[in-house]
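A.B. asks: coords please:
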Amino acid sequence: MILPEPSIDTPQCSAKGCRTAAVWVLAWNNPKVHTPERRKTWLACEEHREHLSQFLGVRGFLKDVVRLSDWDAAQESD
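C.D. replies: Purely as a prediction, here's the structure:
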C-alpha cells in the first residue's frame, strides 16, 4: 500500500516511522540540559501518546501532555 505524502501543514506524530496526524503535544525538558521553564515538544497520535509519554516519564523529562488544539490556542494567546 502506498501512503500519500503528508502535508507540511498537518503536524505529524513524532514516533519513528509514524505519519499519522498528531493529536497530542508532549511538553518535556531534560533538567541536565535545559532551564526549568524551557519546554521542548514531541507530537503524538492517539496510538503513540502512551508509549512516548512513558519514554519521557521514565527519564523524568515529561512535564505535560496537552491536546494539540489546546496547545495551539494557548500559544496564540501568548
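
A.B. asks: every contact and neighbour count from this point should use C-alpha atoms.
C.D. replies: OK.

A.B. asks: low pLDDT regions in the chain?
C.D. replies: Applying pLDDT under 70 to the chain flags the ranges 1-8.

A.B. asks: repeat the analysis, applying 90 as the threshold.
C.D. replies: Across the chain, the ranges flagged by pLDDT under 90 are 1-10, 73-78.

A.B. asks: can you give me the helices for it?
C.D. replies: For the chain, helices defined by DSSP state H occupy the ranges 49-58, 68-77.

A.B. asks: tell me the buried residues in the last one?
C.D. replies: Right, the one you point to is helix 68-77. Judged by neighbour count (16 or more other Cα atoms under 10 Å), helix 68-77 contains these buried residues: L68.

A.B. asks: can you pull out the residues in contact with that helix?
C.D. replies: When contacts are defined by Cα atoms under 8 Å, 6 or more residues apart in numbering, helix 68-77 is touched by residues 22-25, 43.

A.B. asks: again, 6 Å this time
C.D. replies: Residues outside helix 68-77 that contact it (Cα atoms under 6 Å, 6 or more residues apart in numbering): 23-25.

A.B. asks: again, but for the first one
C.D. replies: Contact partners of helix 49-58, identified using Cα under 6 Å, 6+ apart, comprise L62.

A.B. asks: measure how far it is from the centre of its chain, please.
C.D. replies: Centroid separation for helix 49-58 versus its chain: 10 Å, with Cα atoms, centre = their mean, to the nearest Å.

A.B. asks: want to throw the contacts of helix 68-77 into CSV with neighbour count and distance to Q54?
C.D. replies: Listed next are the contacts of helix 68-77 as CSV, based on neighbours: other Cα atoms under 10 Å; distance: Cα to Cα, whole Å:
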residue, neighbour count, distance to Q54
V23, 19, 17
W24, 24, 14
V25, 25, 14
